[in-house]
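Asker: have a look at this prediction, sequence included:
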Amino acid sequence: MSTAPTPLVECALPDSLMAELRALLGDRLSTAAAVREQHGRDESYHEPMPPDAVAFVQSTEEVVALVKACAAHKVPVIPFGTGTSLEGHVTAVRGGVCIDVSGMNKVLEVRTDDMDVSVQPGVTRKQLNEYLRDTGLFFPIDPGADASIGGMAATRASGTNAVRYGTMRENVLSLTVVTPEGRVVRTGRRARKSSAGYDLTRLFVGSEGTLGVVVEVTLRLHGIPEKIASAVCPFPDVRAAVDTVIMIIQTGIPIARVELLNAAQIDAVNRYSKLNNKVAPTLFFEFHGTPGHVAEQVDMVQDIAGEFGGSDFQWAETQEDRDRLWNARHTAYYAALAMRPGHKGVSSDVCVPISRLAECITETEEDLKSSPSFTTIVGHVGDGNFHVLVLIDPNDPASLEEARAINERVVARALAMDGTCTGEHGVGTGKIAYLEEEHGEALDLMRRIKRALDPDDIMNPGKIVRL
Ligand SMILES: Cc1cc2nc3c(=O)[nH]c(=O)nc-3n(C[C@H](O)[C@H](O)[C@H](O)COP(=O)(O)OP(=O)(O)OC[C@H]3O[C@@H](n4cnc5c(N)ncnc54)[C@H](O)[C@@H]3O)c2cc1C
């Protein structure tokens, strides 16, 4: 395998299509090698595949015109937010036009009384929360990276807050999408519940740009809690940490965040963020609520942790201390990469029912002991979701093979426990091989949906399902 840039071939789009797109976008259509390269890769080890051209769109009307023009030529269209996905999602496997929506980055309307907001797809989650700063409301979904809201909807993203606030599935109220034939469709209203027909919003959330281009997203917002407290606590071993989490969830404590970092990952974080956490499996906690409610949650969690040997809680109460704590968690991926400069990361992303989590993680830890590669485990453990990160040497094909073999075993373990091969990163090209086993007959239904909506297979082809 090679993660070196793929040699660029000349733009292979028909001249007539190029002329049409140039008339539409002027110099916002780019065929520059560097721009194509940047839009054919994500943040992972997957081999980059550049599109033929990149279109920097600024309005729904431009997306419609572009999609119609490409559809007439049966040319692929690949939506692009910020390119932080991890499974080869944006690679142009059949060439085509990448639609970069980062210029569609307006917050359209905040409705504080209804606690919802409508945004264009290129708005990033940090931009949105900055905009909401004075409203007393916030948008909780936090995949670490400063991803676009359109990309997050398209990957059904979640992250550290999902245990309390849900994933994009629970927080997208409705979408406006441009379909493969260039129609503009709104998938639902702003009502908090509806029984009016098929749930198209949920169909498009997680569709990874394979069914249409998201041009507007309406999201639920949440009140900023009166009190927030964060802490880290080391445990004697991974099982003790995970058993603590299982007990917290089963007791019904409404914890806002609970994240696991194994000892290798803590070591990497300490070096990268210049911290001195004890090198041991560690839980990162956050509690939200009124002061009394938070105090009650903290007492209960400390009692439970104590039963499993976790007692040395370090608290972060000020915004600055909390930011430092969570920054260490959010840079965990880059901290691990820094342990082997020049290496790339292969990340698994399984999620299992909470009662099977301890078994799944401890078996995985045992499995990793024989690996010659540098590996870490991090997890959104309150959801039953964890990642094994294996660092590979891009010049050593054997190390990629080893990482793939580990990933396959982790996925097999999760599926055997009625879990899923991807809890939040999505399928892209990287997880396609596992969908047959995970979904069986349902995968055929997914193919039929794709064929019905996109018969010419122009929308981000080669992702989720291959026709
Ligand atoms: C360090 C790091 C940590 C991460 N942690 C998490 C995590 O905790 N949880 C998590 O869920 N993810 C995580 N991710 C993955 C990533 O951030 C998410 O998948 C994110 O949702 C991708 O958003 P994006 O804007 O970068 O999308 P892109 O990478 O640009 O695109 C992703 C997919 O969405 C499609 N897409 C993008 N925009 C649109 C649109 N407007 N309409 C239709 N389709 C569109 C693309 O075609 C592609 O298939 C992490 C990534 C990194 C690098």
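Answerer: In hand now; what should we look at?
Asker: ok, which residues in the protein are in contact with the ligand?
Answerer: Within the chain, the positions lying close to the ligand (CB under 6 Å from any ligand atom) are 42-43, 78-86, 89-90, 101, 121, 143-145, 147-148, 150-152, 154-155, 157-159, 208-209, 213-214, 333, 424-425, 460, 463. All C-beta spots, glycine's among them, are computed from the backbone N, C-alpha and C.
Asker: take those residues and keep only those in strands.
Answerer: 78, 79, 80, 213, 214 (DSSP state E).
Asker: what would those look like in TSV with pLDDT?
Answerer: As requested, those are exported to TSV (pLDDT from 0 to 100):
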residue	pLDDT
78	98
79	98
80	98
213	98
214	99
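Asker: which of those residues sit farthest apart?
Answerer: Farthest-apart pair in those is 78 and 214; separation 13.1 Å (CB to CB).
Asker: which of the residues of the chain next to the ligand count as buried?
Answerer: 42-43, 78-86, 89-90, 101, 121, 143-145, 147-148, 150-152, 154-155, 157-159, 208-209, 213-214, 333, 424-425, 460, 463 (16 or more other CB atoms under 10 Å).
Asker: contacts for the helix or strand where residue 436 lies next, please.
Answerer: If you go by DSSP states H and E, residue 436 is part of helix 432-439. Around helix 432-439, the neighbours that count as contacts under CB atoms under 8 Å, 6 or more residues apart in numbering are 411, 415, 420, 421, 427, 443, 446, 463, 464, 465, 466.
Asker: okay if I get these as CSV plus pLDDT and secondary structure?
Answerer: What follows is these, written out as CSV (pLDDT from 0 to 100; DSSP: H, G, I helix; E, B strand; the rest coil):
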residue, pLDDT, secondary structure
411, 98, helix
415, 98, helix
420, 98, strand
421, 98, coil
427, 98, coil
443, 98, helix
446, 98, helix
463, 98, coil
464, 97, coil
465, 95, coil
466, 90, coil
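Asker: for the residue in the stretch 251-400 of the chain that the ligand sits nearest to, what are its contacts?
Answerer: Nearest to the ligand, among the residues of the stretch 251-400 of the chain, is residue 333, at 3.8 Å (CB to the nearest ligand atom). For residue 333, the contacting residues are 144, 345, 347, 389, by CB under 8 Å, 6+ apart.
Asker: switch to 10 Å and redo it
Answerer: Residue 333 sits next to 43, 86, 144, 145, 265, 268, 345, 347, 376, 378, 387, 389 when contact means CB atoms under 10 Å, 6 or more residues apart in numbering.
Asker: and the second one, what's its pLDDT?
Answerer: Spelled out, that is residue 86. As predicted, residue 86 sits at a pLDDT of 95.
Asker: on that earlier part again, out of the contacts of residue 333, name the ones that lie in helices.
Answerer: 265, 268 (DSSP state H).
Asker: any idea which of the contacts of residue 333 is closest to residue 368?
Answerer: Top of the list for closeness to residue 368, among these and by CB to CB, is residue 376 at 9.0 Å.
Asker: I'd like to know how many residues surround the nearest residue to that closest one once chain neighbours are set aside.
Answerer: Counting by CB to CB, 6 or more residues apart in numbering, residue 376 lies nearest to residue 265, which is 3.8 Å off, once chain neighbours are set aside. Using other CB atoms under 10 Å, residue 265 has 26 other residues around it.
Asker: just to check, residue 265 is in contact with residue 375?
Answerer: Yes. Using CB atoms under 10 Å, residue 265 is in contact with residue 375, at 9.3 Å.
Asker: where do the contact lists of these two overlap?
Answerer: The contact lists of residue 265 and residue 375 share 336, 389, where a contact means CB under 10 Å, 6+ apart.
Asker: next, count neighbours for residue 335.
Answerer: 24.
Asker: that one: which element?
Answerer: Per DSSP H and E: helix 332-337 holds residue 335.
Asker: lowest-confidence helix or strand of the protein?
Answerer: One helix or strand of the chain scores below all others by mean pLDDT, DSSP states H and E: helix 319-330, with a mean of 91.
Asker: alpha carbons of that helix, in CSV - could you do that?
Answerer: Presented in CSV, the C-alpha positions along helix 319-330 are these (Å, rounded to 0.1, in the frame of the first residue of the first chain):
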residue,chain,number,x,y,z
GLN,A,319,-13.7,27.0,32.1
GLU,A,320,-10.0,27.2,31.5
ASP,A,321,-9.2,24.0,33.4
ARG,A,322,-12.1,22.1,31.7
ASP,A,323,-10.9,23.3,28.3
ARG,A,324,-7.4,22.0,29.1
LEU,A,325,-8.8,18.7,30.2
TRP,A,326,-11.0,18.2,27.1
ASN,A,327,-8.4,19.5,24.8
ALA,A,328,-6.1,16.6,25.9
ARG,A,329,-9.0,14.2,25.1
HIS,A,330,-9.7,15.8,21.7
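Asker: okay, buried residues for that helix please.
Answerer: For helix 319-330, the neighbour count (16+ other CB under 10 Å) marks 322, 325, 326, 328, 329, 330 as buried.
Asker: check contacts around whichever residue of the stretch 351-467 of the chain sits closest to the ligand.
Answerer: Nearest residue of the stretch 351-467 of the chain to the ligand: residue 424, at 3.4 Å (CB to the nearest ligand atom). With contacts defined as CB under 10 Å, 6+ apart, residue 424 is in contact with 86, 141, 143, 152, 155-159, 162, 167-168, 206, 349, 351, 380, 383, 385, 387.
Asker: coming back round to it: could I get the ones in strands among the residues of the chain next to the ligand as JSON lines with distance to residue 112?
Answerer: Listed next are these as JSON lines, based on distance: CB to CB, whole Å:
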{"residue": "78", "distance to residue 112": "36"}
{"residue": "79", "distance to residue 112": "30"}
{"residue": "80", "distance to residue 112": "31"}
{"residue": "213", "distance to residue 112": "29"}
{"residue": "214", "distance to residue 112": "24"}
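Asker: got a list of what residue 163 touches?
Answerer: Residue 163 makes contact with 245, 248-249, 254-259, 286, 380-385, according to CB under 10 Å, 6+ apart.
Asker: of those residues, grab the buried ones for ChimeraX.
Answerer: The command below creates a ChimeraX selection of those among the contacts of residue 163 that count as buried (16+ other CB under 10 Å):
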select :245,248,249,255,256,257,258,259,286,380,381,382,383,384,385
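Asker: next step: the contacts of residue 163 restricted to strands.
Answerer: Those of the contacts of residue 163 lying in strands (DSSP E): 257, 258, 259, 286, 380, 385.
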